[in-house]
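Novice: here's my sequence, what's the structure:
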Amino acid sequence: MSSSTTDEIEKLKHLITTYPLIDNHCHPLLNPIHASSRPLESIVSEAHGDALEHSKNTLAHFRAVNMLAQKLGCVPTWEDVKRVRETREGWKEECFGGIQCVLMDDGLDRHEGMAVEKHDEYTRDGGRRIVRIETLAEDIMEGLINEEVASDRTKYLDKMSSTWKERFTEGLLKEYQDDNVVGFKSVVCYRTGLDVRVTGQFDSSVQGFKEFEIWVQQARDGNYRLEYACLNNWVVQTACQLIRDNGGKKPLQFHTGLGDNDINLVKANPAYLETVIKEYPEVPIVLLHSSYPYTREAGYLASVYKNVYLDFGEVFPMLSKEGQKSVIKEMLELTPINKLLWSSDGHWFPETYLLASLQTREVLYEILAKWVEDGSLSYQQAVDLTKAAFFENSNRLYNLNLEPFWDHPAPINVSSPSKSPAMFEKVFAQHKEVSFLRIQWVDYTGTLRLRVLPITAVKKKFEKGWDVSITEAAIGILHDDVPASDMATAGLLDLKPSWSSLRALTPGLTSTGGAQHASVMCDITQNSGAPLPLCPRTILQTAISLAKESHNIDFLIGFETEVAFFSRSPDGSLITTTPHAHFWSVPSAFAPQNRLLCLEEISRNLEAAGIELIMFHPESADGQFEFVTGPLPPLAAVDALYHTRQIISTTAARYNLHATLHPKPYHNQAGTSSHMHFSLSPPDKEFSFVSGILHHLRGISAISMPTIASYERLADNAWAGGTWVCWGEENREVPVRRITGRGNNHWEFRAVDGTANMYLVLAAGKEMRMKSCLSIPPGLLGLKRRLMKVIIGNPANLTDKQRDELGIVEKIPTSLDEAVVYFDMDWKLKEALGKGVAEKMITMKRSEVVRMEVMGKEERWRWEVERY
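Specialist: This is a model prediction of the structure:
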């Protein structure tokens, strides 16, 4: 297989595992009070009672419980799955992950199920209704029975037939005209079979009127179920006529194939519907549930009739994996790809949605990847098929007019390496001297964490497949490794290296002068391989794509890395008392000699790692220096930033120095920041973009200045960015500075320090709805805003009236507590961030405040200087 085909297969895998889904057929979840009325095991079988017990011994059940246990981090038994799911926070949202919109038939167990609109919080574009026509007919009969007067029953029966028909037709029309109703569904398959006859008015025949009379008697006894051939045929016929006469804009779904033992499986063959299909060519007809075991018949109908579409649902998770593959292959033997519609047939429990999504993606990828490899399909044909079946066909057929909200339109690092020794040689061609590889990620406390692999182990993973996992708890631990209140106690996540970020740390950078290390930044993914919405690096990639695709904006980002160097005493403690011969940009700051040697080696090591060092110079505080690195695209810039910090800290350790990013390394000297420079292309959107940042700056502060110490740095008249929300040109007393001159106009964001997670400072994303980014989407939120007036001079020295005239009315928060309050109040920013990320940030920050406030000020300072 060629390298180009390998890349295409990886991109195809990314597409299939991340592209949004429209679920064209599903049912409501059970209301909490009815949640125990059905066994969870029923999600994998149509069996009931004793038969359900036997079905637990099927391959489908084994696979389902294994997948759920893997997601929940528990033993693969139904008992353990049930126990853990009850306390899993956000489990319902997780189960709906990747589904953008749901089309719900709410006629199933409707007195026990949640309302359709109650599901809106689980998907980006909420739910739409599919009206079950038999249920509508039964409701009308129930209403007629309730209107009866016992003494007039005989007389009333004479009029009942025509009244029922009129009300049913009127009810159908009313539902058709409801914008939230996007289609209809018939379960005639369950009632009298799919051999529907187009016979005209049911009550024009003796048999039809007799059936109506029997149904009325049955309804008077409280049983409204409609299961009489003449009546059911008329209901289907009337629905078809109404859809046809109103332009054929809303499809009619038919249950076909697979069902519980209430069904006549022989009459569940969609071939029986051919009469209806021919009679109503203007009516879009959807054959549900893959028509299993009649998939080939359904594919034939979809291929020869323009109005027939094939849904491929319910077989996920009802069949074994190999059975599912057979269904997909049979479906694709004849069915045009523009006729395929995905569904979960989700019902009762959220796990039905999760399993359907995961299993569909897994099976479809394995089939299409093989066909691309052997040339049966081109890469682009496989892409088109996936997008059509997952989203585009349903979007068009049901007239939803949605845009696919694809979290990751560009491959997220092309995921893990192929199972190929050749790929190892390619990736490490420039790093043959490396002995150890650091697999790294940055958590919500801004802490760089890692796994270290010997290079021999790395090579084996290229040969056998990448499988480095971490506990799901890693998303919810504080900087002292204590769990936050929302930390998951079970479950696994995978680390997927982004090989474009691979850089060598150069020889001798460990404190012992040992073997050479290299480092690579990782995306955190779900154990299934699907992207993790909470992964900071993934969030940044999403924000970049959003800016490009929605607004055609590109960015360049550069960082000033400020650090303070402390010497260590022989016992390893920090030496905090030094003669103050250190001032901004003076040569005396290079003393003692080992400090200058360290700075020179840092410079050489950055160059060897391929990081452009523009300059370094002394800052104001003792031992404080700034390293200015060159501009890069956002993701590469943040990757390089963390590599820069590693080179600085590991090189310093060799000279018995400790490098800290602490925002206030000395109580009475200048603070340490991590200013971010940025430019936009095209530049005509810069001012409105900056307006968005300033408008949301108080909420943004909780992420860009995320520690108690961050607010000890802020001050007026200290070149620290000031305390007022404003901007200026070449003004260092403002949080956002416009840099001009020498044809290199750009911006500097100054309300940020080195304790922040820079992936989140540049991009904070969503779980279900919009994406946001602390330099990007808050800026995007401001693209229609006007920028406040430029400030000349120090805003702190102006009068209130002068500041009001300039539009300067807000101050930056003075504490982390205050910043979190502003963040929590900024509903637009939280909506842009997404519910999951916003809640995670609030929980983590408040938990950190509680942990740090129990320490004394001096103890906390020393702890944080060592920690950061």
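Novice: any weak-confidence spans in the stretch 51-200 of the chain?
Specialist: Segments of the stretch 51-200 of the chain classed as low confidence (criterion: pLDDT under 70) are 149-158, 200.
Novice: just the helices in it please.
Specialist: Per DSSP state H, counting those that start in this stretch, the stretch 51-200 of the chain carries helices over the ranges 59-72, 78-85, 91-95, 133-147, 153-176, 188-191.
Novice: could I get these as JSON lines with distance to Leu546 and mean neighbour count?
Specialist: No exception for glycine: its C-beta is placed from N, CA and C like everyone else's. JSON lines is the format used below for the helices of the stretch 51-200 of the chain (distance: least, Cβ to Cβ, whole Å; neighbours: other Cβ atoms under 10 Å):
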{"stretch": "helix 59-72", "distance to Leu546": "27", "mean neighbour count": "20"}
{"stretch": "helix 78-85", "distance to Leu546": "32", "mean neighbour count": "17"}
{"stretch": "helix 91-95", "distance to Leu546": "21", "mean neighbour count": "20"}
{"stretch": "helix 133-147", "distance to Leu546": "41", "mean neighbour count": "18"}
{"stretch": "helix 153-176", "distance to Leu546": "36", "mean neighbour count": "15"}
{"stretch": "helix 188-191", "distance to Leu546": "43", "mean neighbour count": "23"}
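Novice: could I get those as a markdown table with distance to Leu599?
Specialist: As requested, those are exported to a markdown table (distance: least, Cβ to Cβ, whole Å):
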| stretch | distance to Leu599 |
| --- | --- |
| helix 59-72 | 49 |
| helix 78-85 | 52 |
| helix 91-95 | 48 |
| helix 133-147 | 77 |
| helix 153-176 | 74 |
| helix 188-191 | 78 |
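Novice: out of those, which comes closest to Phe390?
Specialist: helix 91-95 (17.4 Å; Cβ to Cβ).
Novice: so which elements touch the closest one?
Specialist: helix 351-373 (3 or more Cβ pairs under 8 Å, 6 or more residues apart in numbering; DSSP states H and E).
Novice: now the helix it packs on, how far from the chain's geometric center?
Specialist: With Cα atoms, centre = their mean, to the nearest Å as the basis, helix 351-373 stands 18 Å off its chain's centre.
Novice: next: stretch 608-616.
Specialist: Relative to the centre of its chain, stretch 608-616 is centred 35 Å away, using Cα atoms, centre = their mean.
Novice: so for that stretch, mean pLDDT?
Specialist: Averaging pLDDT along stretch 608-616 yields 88.
Novice: who's in contact with that stretch?
Specialist: 503-506, 599, 602-603, 606-607, 625-630, 640, 643-644, 647 (Cβ atoms under 8 Å, 6 or more residues apart in numbering).
Novice: narrow the residues you listed to those in helices?
Specialist: Using DSSP state H, the subset of those located in helices is Leu599, Ile602, Ser603, Leu606, Glu607, Ala640, His643, Thr644, Ile647.
Novice: tell me the centre residue of this structure?
Specialist: Central residue of the chain (Cα atoms, centre = their mean): Pro533, 3.8 Å from the mean position.
Novice: in this structure Pro76 contacts Arg63, no?
Specialist: No: between Pro76 and Arg63 there is no contact under Cβ atoms under 8 Å: 10.0 Å.
Novice: got the end-to-end distance for stretch 379-393?
Specialist: 19 Å (Cα to Cα, to the nearest Å).
Novice: so which bits of it are buried?
Specialist: In terms of neighbour count (16 or more other Cβ atoms under 10 Å), stretch 379-393 has its buried residues at Tyr379, Ala382, Val383, Leu385, Thr386, Lys387, Ala388, Ala389, Phe390, Phe391, Glu392, Asn393.
Novice: residue contacts, the fifth one?
Specialist: Thr386 is in contact with Leu12, Leu15, Ile16, Tyr19, Leu364, Leu368, counting by Cβ under 8 Å, 6+ apart.
Novice: can you give me the pLDDT of the second one?
Specialist: What that stands for is Leu15. 88.
Novice: could you pull out the helices for the stretch 651-800 of the chain?
Specialist: Going by DSSP H, counting those that start in this stretch, the stretch 651-800 of the chain shows helices at 686-695, 697-704, 710-713, 758-762, 777-781, 800-806.
Novice: make a markdown table out of those helices and add mean neighbour count.
Specialist: Listed next are these as a markdown table, based on neighbours: other Cβ atoms under 10 Å:
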| stretch | mean neighbour count |
| --- | --- |
| helix 686-695 | 23 |
| helix 697-704 | 26 |
| helix 710-713 | 21 |
| helix 758-762 | 27 |
| helix 777-781 | 26 |
| helix 800-806 | 12 |
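Novice: which of those helices sits closest to Glu433?
Specialist: Comparing these by Cβ to Cβ, helix 758-762 comes nearest, at 28.8 Å.
Novice: name the helices or strands packed onto the closest one?
Specialist: Against helix 758-762 (3+ Cβ pairs under 8 Å, 6+ apart) you get helix 536-551, helix 634-654, strand 676-681, helix 697-704.
Novice: so how far is it from its chain's centroid?
Specialist: Between the centre of helix 758-762 and the centre of its chain there are 17 Å (Cα atoms, centre = their mean).
Novice: send the alpha carbons of it over as CSV?
Specialist: The C-alpha coordinates for helix 758-762 follow below in CSV (Å, rounded to 0.1, in the frame of the first residue of the first chain):
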residue,chain,number,x,y,z
MET,A,758,-2.2,27.8,26.3
TYR,A,759,-4.3,25.4,24.2
LEU,A,760,-7.3,26.7,26.1
VAL,A,761,-6.1,30.3,26.1
LEU,A,762,-6.1,30.1,22.3
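Novice: just the CA atoms of the strand or helix carrying Val820, as PDB, please.
Specialist: If you go by DSSP states H and E, Val820 is part of helix 816-825. Written as PDB, here are the backbone C-alpha positions of helix 816-825 (Å, rounded to 0.1, in the frame of the first residue of the first chain):
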ATOM      1  CA  LEU A 816      -9.500  34.200  40.700                       C
ATOM      2  CA  ASP A 817     -12.800  33.900  42.500                       C
ATOM      3  CA  GLU A 818     -14.000  37.100  40.900                       C
ATOM      4  CA  ALA A 819     -12.900  35.900  37.400                       C
ATOM      5  CA  VAL A 820     -14.800  32.700  37.800                       C
ATOM      6  CA  VAL A 821     -17.900  34.600  38.700                       C
ATOM      7  CA  TYR A 822     -17.600  36.700  35.600                       C
ATOM      8  CA  PHE A 823     -16.900  33.600  33.500                       C
ATOM      9  CA  ASP A 824     -20.000  32.000  35.000                       C
ATOM     10  CA  MET A 825     -22.100  35.100  34.200                       C
END
